[in-house]
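Q: Just need the structure, nothing else, for what follows:
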Amino acid sequence: LRAALTADSGNPRAAQIVADLHERSPEFVQVWERHEVANRFEDRKTLVHPEAGRIEVDCQVLFTDNRAQTLLVMTTRPGTESEEKLEMLTALEEHQLAR
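A: Numbering: from 1, shown residues only. Okay, the predicted model is just below:
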């Protein structure tokens, strides 16, 4: 919430949410006063495909200058089972499209 408020400081709605939470939640006040902010630009995710199962991907987050749009770039690590599964799914998709 703090990151969102800072990124869009002209948004009165975000400020109102913070004010409302301050009034209603002593726990929120304690957490808010810690000033912990984490913008995660890289992460590791697990996708679960109905046929291939679990696929581990590295995920990078790219933003436009005004942060109005976000692009998630997901890639598998070379030489991993996840890479093999993704290649298999790509081949299956290409085969189905060729029909």
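
Q: And the strands in this protein?
A: 42-49, 53-63, 70-75 (DSSP state E).

Q: can you tell which of these is closest to Ala98?
A: strand 42-49 (20.7 Å; C-beta to C-beta). Where C-beta positions appear, they are placed from N, C-alpha and C, glycine not excepted.

Q: What residues sit buried inside the closest one?
A: For strand 42-49, burial by neighbour count (16 or more other C-beta atoms under 10 Å) applies to Leu47.

Q: Serialize the strands of the chain to JSON lines and add fields for distance to Arg13.
A: Converted to JSON lines, the strands of the chain look like this (distance: least, C-beta to C-beta, whole Å):
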{"stretch": "strand 42-49", "distance to Arg13": "27"}
{"stretch": "strand 53-63", "distance to Arg13": "20"}
{"stretch": "strand 70-75", "distance to Arg13": "19"}
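
Q: Can you pull out the low-pLDDT segments for the protein?
A: Judged by pLDDT under 70, the chain has its weakly predicted residues at 3-4, 6-11, 37-41.

Q: Quick one: neighbours of Val57, just the number.
A: Residues near Val57, counting by other C-beta atoms under 10 Å, number 19.

Q: Show me what it is bridged to.
A: Beta-bridge partners for Val57, by DSSP bridges, are Lys45.

Q: That one: what's it in contact with?
A: Val57 sits next to Arg44, Lys45, Thr46, Leu47, Met74, Thr75, Thr76, Ser82 when contact means C-beta atoms under 8 Å, 6 or more residues apart in numbering.

Q: if I read this right, the third one contacts Gly53, doesn't it?
A: If I follow you right, that is Thr46. No. Under the criterion of C-beta atoms under 8 Å, Thr46 makes no contact with Gly53, lying 10.0 Å away.

Q: what about the helices in the chain?
A: Secondary structure of the chain (DSSP state H): helices at 2-7, 12-24, 26-32, 81-98.

Q: and the ones you listed as a markdown table, adding mean neighbour count and distance to Asp58?
A: Formatted as a markdown table, the helices of the chain follow (neighbours: other C-beta atoms under 10 Å; distance: least, C-beta to C-beta, whole Å):
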| stretch | mean neighbour count | distance to Asp58 |
| --- | --- | --- |
| helix 2-7 | 13 | 21 |
| helix 12-24 | 12 | 30 |
| helix 26-32 | 12 | 29 |
| helix 81-98 | 12 | 10 |
